[in-house]
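>>> Need a 3D model of the following:
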Amino acid sequence: LGGMRAAPLPPDKMSARPASSASSGSGTELERGGSGRSAGAARAGQRPRISRRISGSASARPAGEAAAIVLNVSSCKYEVVRRAARGLHWMVDEEEIEFDLEEVAAGMGVSSAANEDWNVFWTDTSVSPLRVMRLKRFQKLNHFPGMHHLARKGGLGNSLTRLARRFPAAFDFFPPTWVLPAQWNEFKEQIDSGKGNRTFIIKPDASCQGKGIFLTRTHENVNPTENQVAQRYLHKPLLIEGKKFDVRIYVLVTNVNPLRMFLFEDGLVRICTEDYVEPKGRNLGQSCVHLTNYAINKNNDKFVFNEASEASGVGNKRSLKWFWAWLKESHGQEAVAGLRDGVRDMAIKTLISVQPVLAHTYRSCIKTARAPTQSKAGDGVQPQSLSNCFEILGFDVLVDRKFKPWLIEVNHSPSFACDTPLDESIKLRLITKTMQILNVGTADRRRAKQRAKQAAQLRLYAGKQLKSDAESGDGPTGGKAVVDDLARLARCEAKHTADESFERIFPCADSVRAGEYRELLAEASRLFASGPAVSRRNAQRASSPRSVLREKARQLEAQEEPDAKQQQLKGRQRRDAELARCQHEQVQEHPDSADSEHGPEQPSDRSRYPGSRPREEESAGKRDEVARPRVPRRATKSTSGSSMPRFDLEKFRQRGLQRRAAFNAYLATRGVIGGQVFAGMAVDEDLELALGAQHGSGRPSNSLFVV
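From the prediction side, this is the model:
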């Protein structure tokens, strides 16, 4: 039912249609498993419900326009997104599909057909990995999974601080940051020391629009148990007309594996409504003096709204293009060039700090389609892989009096509300150019279905699984198809960046900069591989019952190690006593063999054994001249109850002599005596190892091994 549309009723049955269904309310509901079930009943174990709110042009799509690009905005509240899509002649789909994530994970949620209606899904909130996992090859989502590592102030501070310890000069574009409550002791020590600027700004970890932000000069105003971020206040900012301001920079990320970024040409300048004064104890609570958030300053009576998009230099919200022109006129072209370069470098390094975790999360959800032959990393020419996600990030940047950019925070869902004509002009152009650079085509859905159908047929008839897109060089889903898609994407990027609306900042064409960024990426990957997640996993493994038992065993072995030599000495003494007793018993049972050539009283020189060394006497350290035959097996009871005979050493020696004589006779019959022997080893005085040589027929004779 997820992919089906309600069929229109015949004219003769329109009168029989219920009034509730014919009304033009918020929409119609298609329920699985009967009508009248609530969402709570579905969560209670019944079949899940799929509800739809149908509105907009997509619900009444003509049959001839089935191949149009469809934008789903069911989770988007901004009208400017809909206007941008209609300006590109896209179909705007208002259908909303509600489902439980647990049911989707269990395979009970919306069918795959429900997700085939749209090409691009635009949402105002972050997305879960489950939603990303359900994307088809031709579908795109306006958020990457795991972006909270960048959008949360605590995650951003931790990521930048880790790399700043390794590269302090490269990551000096953000103020000193303490993540609370984990770093409470360090923050308290710093604020109580009185060194440098004693003013700190406290921000909640997961808030927006200036909520919960305040300035302080003592730790007594800070709750040490809440999730907050403390930063040193930048008290010497650049001023516009005597007021503090910040800049909103828009960065488009089209891929994270590998990283691919574009910088938008325009942005917003938010100016405070009160004249700036350096923070002191009496003015720390004046938000309109120290905080540049639009949500805070717009409620001030002194706030001036922009009334025309052409007048971009009027009011408390102005355009970035106006700012570059004002900076050039006031401070020269060098200040503009240095600040522009600093903004690019800041945006790239910020994304580099979280790229490993973003790439890992994305690969966990979607298998990346790569070209079979990869170009050199950082060449800045061709895209190397396809991506089902993209994201528009809003960087809030503060500029100091030395024209140095300082990163304040990153917004993964920047506001697209249009309160002024200037907002409408900038944000509409930003969203329109973003939709164009994504390379979304009307034939994407058809090509994806054809490739899936051909792949299914090959699996069915060929009886083997196809290679992945990254490995296969042909086939419906092979490398050739990926290369074609990447070529189209490259042409689309070149076309829509030619008008300088977007500037590709990563990968960069500068070889020197590319080498520096590769080094930073390598260090970020190393830190991610040995980061807190790995430490927590190792700690969990160390605390498991099996690991605890292993650790106890190692401790016991370490305690018993000093007594190991003493135990070994006692064991050897026991073996020597047992061997002496067995030898004495043999002599008593066979007194005539004591004077024989091979009697047990004959000393056995262990130096005749190849590869062995004489056994040392532990007491005197002298050579052991006492014969040490193998310990005879004790008489044991058999299954029938009778005891097994005791081992007879003399009979064993006699059998060895007989076998040696038989072997010599065999060699004599073969004519090998006096001939060539490939290998030989004297195992004992009466035993040897011999290998037969080749005889006249040229075939190797049987190899005999006599012990």
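>>> How much space separates Ala456 from Ala481?
15 Å (C-beta to C-beta, to the nearest Å). Heads up, the C-betas are built off the backbone N, CA and C, glycines and all.
>>> Counting neighbours, go ahead and name the busier of those two.
Ala481 (19 against 12; other C-beta atoms under 10 Å).
>>> you'd agree that one is up against Arg451?
Yes - counting by C-beta atoms under 8 Å, Ala481 touches Arg451, with 6.4 Å between them.
>>> Val70 touches His89, doesn't it?
No - the criterion here is C-beta under 8 Å, and Val70 misses it with His89 at 11.6 Å.
>>> if you count what's nearby, which of the two comes out ahead?
Set Val70 next to His89 and count neighbours by other C-beta under 10 Å: Val70 wins out with 26 against 10.
>>> May I have the beta-bridge partners of the more buried one?
On the basis of DSSP bridges, Val70 is bridged to Met91.
>>> And for the one 5 residues further on?
Listed beta-bridge partners, Ser75: Thr123 (assigned using DSSP bridges).
>>> quick one: it from Lys140, how far?
With C-beta to C-beta as the criterion, Ser75 and Lys140 are 14 Å apart.
>>> quick one, which of the two is more surrounded?
Higher neighbour count among Ser75 and Lys140: Lys140, with 23 against 13, using other C-beta under 10 Å.
>>> Nearest residue to the more buried one in space, ignoring adjacent ones along the chain?
Val120 (4.9 Å; C-beta to C-beta, 6 or more residues apart in numbering).
>>> Could you double-check that the one you found lies in contact with Asn72?
Yes - applying C-beta under 8 Å, one finds Val120 in contact with Asn72, separated by 7.1 Å.
>>> Which one's more surrounded, those two?
Asn72 (25 against 21).
>>> Whichever strand or helix holds that one - contacts with which helices or strands?
Taking DSSP states H and E as the criterion, Asn72 maps to strand 70-75. Helices and strands touching strand 70-75, by 3 or more C-beta pairs under 8 Å, 6 or more residues apart in numbering; DSSP states H and E, are helix 79-87, strand 91-93, strand 120-123.
>>> Indicate which one of the ones you listed is closest to Tyr294.
helix 79-87 (16.0 Å; C-beta to C-beta).
>>> Contacts for the closest one, please.
For helix 79-87, contacts defined as C-beta atoms under 8 Å, 6 or more residues apart in numbering pick out 71, 73, 76, 91-92, 122, 416, 418, 424, 427-428, 431-432, 435.
>>> Hey, what's the angle from that helix to strand 70-75? Just curious.
Taking axes from the mean of the first three to the mean of the last three C-alpha atoms, to 10 degrees, one finds helix 79-87 and strand 70-75 inclined to each other by 170 degrees.
>>> i'd like the first residue to be 30 from this point on
Happy to do that; since the first residue is 30 now, the last one works out to helix 108-116.
>>> just the CA coordinates of helix 108-116, formatted as PDB?
Extracted C-alpha coordinates of helix 108-116, given in PDB (Å, rounded to 0.1, in the frame of the first residue of the first chain):
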ATOM      1  CA  GLU A 108       7.800  27.700   1.700                       C
ATOM      2  CA  VAL A 109      11.000  28.900  -0.100                       C
ATOM      3  CA  VAL A 110      12.000  25.300  -0.700                       C
ATOM      4  CA  ARG A 111       8.700  24.700  -2.500                       C
ATOM      5  CA  ARG A 112       9.100  27.800  -4.600                       C
ATOM      6  CA  ALA A 113      12.600  26.800  -5.600                       C
ATOM      7  CA  ALA A 114      11.400  23.400  -6.700                       C
ATOM      8  CA  ARG A 115       8.500  24.800  -8.700                       C
ATOM      9  CA  GLY A 116      10.900  27.200 -10.300                       C
END
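>>> Flag every buried residue along it.
Under the neighbour-count criterion of 16 or more other C-beta atoms under 10 Å, helix 108-116 has Val109, Val110, Arg111, Arg112, Ala113, Ala114 buried.
>>> Can you give me the separation between the last one and Arg458?
Ala114 sits 14 Å away from Arg458 when distances are taken as C-beta to C-beta.
>>> low-scoring stretches of the chain, by residue?
30-96, 126-145, 225, 397-411, 491-508, 560-578, 586-598, 615-676, 698-736 (pLDDT under 70).
>>> max-length helix in it?
Longest helix in the chain by number of residues (criterion: DSSP state H): helix 362-394.
>>> Would you mind identifying the next helix or strand past that helix?
Later in the chain than helix 362-394, the nearest helix or strand by DSSP H and E is strand 420-428.
>>> The following helix or strand past that next one pairs with which strands, and in what direction?
Per DSSP H and E, the first helix or strand lying C-terminal to strand 420-428 is strand 434-440. Pairing partners of strand 434-440, with direction, according to DSSP bridges: strand 420-428 (antiparallel).
>>> Can you check what angle separates the partner strand from helix 362-394?
Strand 420-428 and helix 362-394 are oriented at 150 degrees to each other (the same axes, to 10 degrees).
>>> Identify the residues contacting strand 420-428?
The contact list for strand 420-428 (C-beta under 8 Å, 6+ apart) reads 171-173, 176, 179, 263, 266-267, 274-282, 321, 368, 372, 375-376, 379, 434-441, 443, 459-460, 463.
>>> how close does the residue nearest to Lys169 get to Asp514?
16 Å.
>>> Ala198 too?
Separation of Ala198 from Asp514 (C-beta to C-beta): 40 Å.
>>> what's around the residue lying closest to Ile278 once chain neighbours are set aside, how many residues?
Nearest non-adjacent residue to Ile278, counting by C-beta to C-beta, 6+ apart: Phe424, 4.2 Å away. Neighbour count for Phe424, taken as other C-beta under 10 Å: 23.
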